[in-house]
Every structure is written in structure tokens, then in C-alpha cells.
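Q: any chance you could fold what I've pasted below:
(2 chains)
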Amino acid sequence: MSSVGPGTVSLEREPGPAARHAVPKRRGKGPRRPSGLPWIFPAFAFVVGLVYYCVAYTGYISTLNWDGVSPTPQQVGLANYTTLFHDPVFWDAIRHTIYFFIVTFCVQTALGFTFAAILHSRVKLPNLYKVIIFVPVVIAPATMAPIFRQVFSATGQFNSVLQDIGLGSLAHPWLAQSSTALPVIMAITIWNFTGVTFILYFAAITQIDSEMLEAARIDGANAFHLLTRIVWPNVRGTTIALAMLSVIGALKTFDVPYLVTIGGPNYATEFLGTFIYRISIPQAQVGYGAAISIMLLIFALAGALAFAVRGTRRS
Amino acid sequence: MFLTRRLSSKVILQVILTIMVVPYLFPLVAMVQESLSGQGWGNYQAVWAVGVVPEFFRNSAIIAGGVIIIVYCLTMLAAYGFSKLHIRGREIYFWMMLTALTLPEVVLLTPLFSTAIKLGLYNTYFSVMLPLAALQIPFCVLLTRNFVNGIPDELFDAARVDGASVTRIFWHVILPLTRPIAAAIIIFTLIGAWNDYLLPLVFLQSPTSETITLLPSYFVSQFSDDQTKVAAATVITAIPEIVAYLCLQRFFERGLTAGALK
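A: Got it, this is the predicted structure:
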């Protein structure tokens, strides 16, 4: 990193002569800061180069009818997009993504917040509970997938538990039925991610001014009022951050539906990620896959932008 | 939060909490139970006897290590530049990088695939390491930049007046002072790289290069319908992750909360 403009550096060595160099229109205090461009260049070139190159390339591929290997791809203009808008699986995938986001976000938020509030009370063995809630976060969803397939199968542990607690009539092959496959995918994601929600709320609650809580308590607020009127509004920033993470997470969903249900049965758990993968790799319709990718990208950017605009308006 | 003084309400709270964590424990218990049914410990012996487990671990370790090195180096340099040095149009560069934050990796699949084949990187660690690092860096730069912003400017001005070069300031001020956030970044990147599934699935095609997230599928094809052995393979894969978390619990939690707190 010695490439950092030697001229600039040597100027800073002697404060005296440096004054002659001080550009008047820059802020008056302190010596002029050296250029940061060489410092951000490696990361910037790497990230922007790779990502923007890939996105541009995807955009180009999306106008082709191509299997990914043939040397003579065929230009089809926007035909892939027309096909896409008439593809019911695409709209299914979007619907699933929206349901998935709403359900996982609400349940995770409720559970994470409740766990955080309870563990901020004086309970025994708090660390044991913390570990149990957080361990699913560190285990790869891909690692746990075969276990979940087994647990929710017709002869799986989930059905035996239902029978043991007298709900045997509910037992059925959860993953083989369209109506229950998607909820199971959501449940697995919630299992996987509540630890993050919990840890973030736990940390956010720690930062709330304890005098404020004490004052409310002296004024006679009960635990429920304390939570809904003081704690919940004060962790709003965390909730917004989690909502954003959940939107991005929902759009990125791939591992769990791909490994547990392969998007099935009958596309009941198809998400944009699994859809793109199935079209691009096993079916080798690379051009069509790229068109879906571009749509996914647009959704992701729109989602992020919506949150960014909301965030800046609030602050 | 709930300042319970009466014993009865204390017990109720504890019971509610215990009931609530049962579903989190359940899949893990089911996993261990399953892995020990049938041939008992024999399942583990059978899985180990296949001999590929250490190889998969080594591959994951190499990839995670490589990603961490790339992410750490580039993030530290960029965070210093963005936070404390002069860049015209700084926010434009910053936001150009940040848009990559929302990017699902599946979008990159086809271009990466054909590029990797052209460059001869297909089925090498690099084909997984480079995209993973590129997708991790934006968030890490965001975190670290915020952290470095919190270090007072006067410290840097003083160091410069004392004759320290920009490079020396980087080595002797930035690197030591950013250690807490560096730990967070390393853990965060480790979880992301170690648990990634899609990129290894597409780019790594032989057991000599595949990562542990591909291990369950490998054993599903190896032992076809024998769920107990697949479960044993899952336990073997999960244990190091759980042990690493238990040993570094504080860093894991700090790593995840670093972004949300000031």
C-alpha cells in the first residue's frame, strides 16, 4: 500500500510548508486530508467490477435463447420477458415470496421480542436458553435439510409427537401436500432465524435507558404497559432493520425450499431463487433464467430503496 | 423486564420460556436420536469409514479462510479511505458498493458460470471464494466505516502533525483500534462462507473440492435410503459449528449485533 501518493504524504510531514499548499476553499481547520481513492480502490473495483459485470452480463443473456453452451445463441429481444409474465409459476413464486415474508417476519419478530423480554427478566439459566435459541443460526440450513425432510415425513417424528399429545388426527405427510408444504418451509426458516431476531432485540433492549423504565415503573406501569408503551417503541430501529433483512432474505430464499421440497409438490414451494436455479441449471434455459434474475434484481433493489427512503425520511 | 417478586410468577415465567424453546431443541434432538437408531454408533463408523468427511471439512476451511482474508483486507483499507480520507463524490462510490448488499447470489449464477469456465476456474476454490467475498464486502465496509467514523478525527490529525504517513496511521492507528469490529466481521463472514450452499453446489463438482454443506446430499446418494446414516453425517457436520459457537459465543453475538447498534 506504499502506492499512496508519495507527494501528498511528504507534504504532510512539514506543517510549515504545508500551509502554502492549503487550498483555501477546503475547510479551514486541520491539514488537508490525503486522497482516499487508492484505499477504497481494491474493494470498490473488486465488488463493483464483479457484481456490475455479472448484472450487465445477465441483462444481455436475458435477451437470448440460449442453453448456456451452444456457440450460437439466438437473439430473441424481450421474448423471454413476455413468456415470463405469462408463466403462472413466476406469479406463484412471487406470491409465495410475499406470504413467506409476511409470515416469517411477523412470527420471528413476535418470538424474538418475547424471548428478549423474558430473558431480560430474572430467569434461571439464561445462558442455556440463549444457546438453544441461537444454535440453529450457526447450523447451515443445507446441513439440517435432510433432518427436516425426515421429521416432517409421513412416518416422521413430528407426526409421532402429534400422536403422543392426542392430536393424531392432524398427522399427515406434511411435505407431500401442497397446502402444508409452504408453512413447513416457513417454520424451518423461523427456526433457523429467530436467534438473530432475538439477539438483536436483546441488545437493543439493553440500550434502553434504565431510568426511563424505572420512572415508568414507579408511576405504576405494569409489565405489559412497559413492554408495549416503552420498550417496543424504543426498539423500532431494530424492527425496521429486521424487516429489511427479512425482505432481502425472502427474495434470496433458496437452500431450504430447494433441499427440503425441491420447490414442490406441484410448485407449491417454488421461490424466485429455486425457479431461477431450476430453469438455468437443470433445464439449461439460460436466457429465460436470466430474465427471471433481472426481475428478482429489480424487486430486491426496489425493496431496499423503499426502506432506505423511509429510513432517511424518519431521521 | 418482568420484575417478578412472587415465587409463583417466577415459576410461571420460567415454564413459559421452557415451553417456548422446546421447538428449537426438537429438530436437534430428533437428529441425534435418528443418528443413533438402527446400528447405533455403527452409523457414525459407517459414515467415517467413507473417508471423505475430513476432505469436505478441509475444503470448507480453505474457502472460509480465503474469503475471510480477502474480506478483511479489502474492508479495512476501504473503511479507512471512506471514513478518514478525502474522496470527491465519496457517497456515490459508497452507494454503488452498497447496492451489492441486496443482491441474491442466484442472480450471478449464469454469468459466473460461463466466466469461470472461460477462465478455467470452474471446480476450483476461487470460483466460490471470489463471489462470496464480493457479496460479503459491502456489508462489512458499511459496519467498519460506521465504526471508524466513531474514532475522533483529532487522533488522525495529531498523528499526521507528528509526521506519521497515511500508511503508518493505517498500521498503527486503524488496525489496532478496529479490533472489536474486525472480530465481528470475521465471525459474520465465517458464518456466511461456511454455510453457503448455492455456489458450492454449482461450481464444485468433485469430493476433493466440495464443501461440508454438500455433505448431506453426498451421503443421501451414498447411502440412498438409509436415513440413520444421513443423520449421523449431519451430526458430524453440525458439531464443529456448535462447538465453535459455544467457544466464541460473545463474538458471534457481537458480530450479529454490530450492525444494529451504535
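
Q: so how far is A:Phe90 from the residue nearest in space to the middle of chain A?
A: Centroid-nearest residue in chain A, with C-alpha atoms, centre = their mean: A:Gly249, separated by 2.7 Å. Applying C-beta to C-beta, to the nearest Å, the value for A:Gly249 to A:Phe90 is 20 Å. (Each C-beta comes from the backbone N, C-alpha and C, glycine too.)

Q: list every C-alpha atom in the helix or strand bottoming out on mean pLDDT in chain B, with coordinates, as CSV.
A: Lowest by mean pLDDT, DSSP states H and E among the helices and strands of chain B is helix B:249-257, with a mean of 76. Output of helix B:249-257 as CSV, limited to C-alpha atoms (Å, rounded to 0.1, in the frame of the first residue of the first chain):
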residue,chain,number,x,y,z
GLN,B,249,-20.3,-17.1,21.9
ARG,B,250,-19.6,-13.5,22.7
PHE,B,251,-18.0,-12.8,19.3
PHE,B,252,-20.9,-14.5,17.4
GLU,B,253,-23.4,-12.3,19.2
ARG,B,254,-21.4,-9.2,18.9
GLY,B,255,-20.9,-9.9,15.2
LEU,B,256,-24.6,-10.0,14.6
THR,B,257,-25.5,-7.0,16.7
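
Q: how about the residues of the stretch 151-300 of chain A near chain B?
A: Taking C-beta under 8 Å from any C-beta of the partner chain as the criterion, the stretch 151-300 of chain A approaches chain B at residues A:151, A:157, A:161, A:191, A:194, A:196, A:199-200, A:203-205, A:207, A:217, A:223, A:226-227, A:231, A:237-238, A:241, A:248, A:251-252, A:254-255, A:259, A:272-273, A:276-277, A:280-281, A:286, A:289-290, A:293-294, A:296-297, A:300.

Q: ok, 7 Å please
A: Selection of the stretch 151-300 of chain A residues close to chain B by C-beta under 7 Å from any C-beta of the partner chain yields A:151, A:157, A:191, A:196, A:199-200, A:203-204, A:207, A:223, A:226-227, A:231, A:238, A:241, A:248, A:251-252, A:254-255, A:273, A:276-277, A:280-281, A:286, A:289-290, A:293, A:296-297, A:300.

Q: next structured bit after the helix or strand A:Tyr258 falls within?
A: Assigned by DSSP states H and E, A:Tyr258 belongs to helix A:255-260. Using DSSP H and E, the helix or strand that follows helix A:255-260 towards the C-terminus is helix A:272-280.

Q: what packs against that following helix?
A: Helix A:272-280 sits against helix A:88-119, helix A:255-260, helix A:286-314, with contacts defined as 3 or more C-beta pairs under 7 Å, 6 or more residues apart in numbering or on different chains; DSSP states H and E.

Q: buried residues of the shortest one, list them for me.
A: Neighbour-count burial for helix A:255-260 flags A:255-260 (criterion: 16 or more other C-beta atoms under 10 Å in any protein chain shown).

Q: where in the chain is pLDDT low?
A: As the question left the chain open, I've gone with chain A. A:1-32, A:311-315 (pLDDT under 70).

Q: not quite, I wanted chain B
A: Applying pLDDT under 70 to chain B flags the ranges B:1-5, B:225, B:255-256, B:258-262.

Q: good, wrapping up.
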